[in-house]
Each structure stands twice: as C-alpha cells, then as structure tokens.
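> Have a look at this prediction, sequence included:
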Amino acid sequence: MVRRDLSADEESLWQAFARTILPLRGRQIMSPRKRHSRALRGAASGLPTPIPVNSEQEGTTQLTMRVREVIRPAATPSKPVRIQDRLEINGRQPGLDTTSWNALSTGKMRPQRRLDLHGHFAQDAFHKLHHFLHACSAQGIRCVEVITGLGSGQEGGVIRQELPHWLERGDIRPLILAVVHTHKKNKGAVRILLRARNRV
C-alpha cells in the first residue's frame, strides 16, 4: 500500500473526531501530520516507532497503527541434564578408583549389610530393596550384599532377572557406584558399592 498525506477534508475530519477524545493525563492528541512526522524521525533512528497507515474500509477513512517487529535474540538453551552411565554388573564404572574397584571385584571389600530376598514375591522384593538401599545410603554405608538366589529357570528366578532393571531405576541408580557378583560362578548374589553420601 502506497502511503500518502491526508487531504484537507480528511484533516478536518480527524480534528473533529479528535476533539471528542479525552487525552491521558500529561499527554496531548497529535494531528496525523505531526504523528506521521514523528514516525519518520523514529524510522531514521532505527527505533520500533508505530507508523500510521491509512486504510479505506466501507468508504470511510480510518487510521490504523502498524508496529515494526522487534527481533530479540534467541534464548540460550539450558545445559542438558546429565544422564547416569548405564549400570553393568561386573563392569567398572566411570569415577571408580582402582583401589576400590579391585577390592570390590576380588571380594576383599566385605559387605556391611546384607539383604536376603529369598522367598519374596517380586513386588515385595522390590520395595524391600528400595528401602534397604536408601536406608544404607543415608547411614553412610558403602558396601552391601543383596541375595536373590539362583532360581529354578534357565535364566534364573524372577527376582534375579529383575534385579538389574531395578538397580537402573532413576530413584536407585544415583545411589550406586558399582555392582559385582559375589563369586564368578555364583550369580545368585551381588555386592553393591554405594556412593559416598556427599556425592549422591
């Protein structure tokens, strides 16, 4: 749309209309020509000044305002949340020192607490494990043993199969530094090295 100045009739029409409007306190009503002049000065300064645009609708001249879009810099993306390393039984985890790993993997690190899950239903066993690990971590205990039993199936019992998945849960994994079987030939029990309390 091509911009143009208001004619004398349009200027008179605007003045008649403006006299019916009460200005805000401390402000004055400007004529279209003054408003257009201010808009041009704003455009020269690069500021997002409202620019009056004449549009005709149903035979009546109306004044509309168009505001330049202000481009804002994109928000800086937040740092990604650190994901815990996948827990692997008998696997050394990042952040575990050699002395602690050797003591745990060779059986020299003795468990301070034991939890026997023999004869429990899976749901009951999980709740006992959850409470046991959180309680030990809160007490500053570092090494614990969890007995699942071998089970009668080829892949072991239900609790033995579910234990690795339970230890990977988001409400348990942050407590754990490493997990090993108590004996290489016996996978019915694991020893768990918990993180130091101030690092959980």
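Great, that's in hand.

> Now do the helices in the protein.
Under the criterion DSSP state H, the chain contains helices at 8-18, 32-45, 98-105, 122-138, 158-167.

> among these, which is nearest residue 87?
Taking C-beta to C-beta, helix 158-167 is the member of the helices of the chain nearest to residue 87, at 5.6 Å. For the C-beta atoms, the positions are set from N, CA and C on the backbone; glycine is no exception.

> which outside residues touch that closest one?
Applying C-beta atoms under 8 Å, 6 or more residues apart in numbering, the contact partners of helix 158-167 are 87, 89, 117, 120, 122, 125-126, 129-130, 146, 148-151, 155, 172-173, 176, 179, 187-188, 190, 192.

> what angle do it and helix 122-138 make?
Orientation of helix 158-167 against helix 122-138 (axes from the mean of the first three to the mean of the last three C-alpha atoms, to 10 degrees) gives an angle of 50 degrees.

> Low-confidence ranges, this protein, go.
Within the chain, the stretches with pLDDT under 70 are 1-3, 22-85, 152-156, 199-200.

> residue boundaries of the strands in it?
For the chain, the strands defined by DSSP state E cover 51-57, 60-66, 113-116, 143-147, 176-183, 186-194.

> Now that residue 105 has come up, it's in contact with residue 180, right?
Yes. Because the distance of 5.3 Å satisfies C-beta atoms under 8 Å, residue 105 is recorded as touching residue 180.

> Give the residues shared as contacts by those two.
Residues touching both residue 105 and residue 180 (C-beta under 8 Å, 6+ apart) are residue 90.

> Out of the helices of the chain, which gets nearest to residue 196?
For residue 196, the closest of the helices of the chain is helix 122-138, at 9.4 Å, according to C-beta to C-beta.

> And that closest one, what's buried?
Within helix 122-138, the residues that count as buried by 16 or more other C-beta atoms under 10 Å are 125-126, 129, 132-133, 136-137.

> could I get the helices of the chain as a markdown table with distance to residue 196?
As requested, these are exported to a markdown table (distance: least, C-beta to C-beta, whole Å):
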| stretch | distance to residue 196 |
| --- | --- |
| helix 8-18 | 75 |
| helix 32-45 | 60 |
| helix 98-105 | 11 |
| helix 122-138 | 9 |
| helix 158-167 | 18 |
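
> Residue 113: which of the ones you listed is closest?
When the helices of the chain are ranked by proximity to residue 113 (C-beta to C-beta), helix 122-138 comes first, at 5.5 Å.
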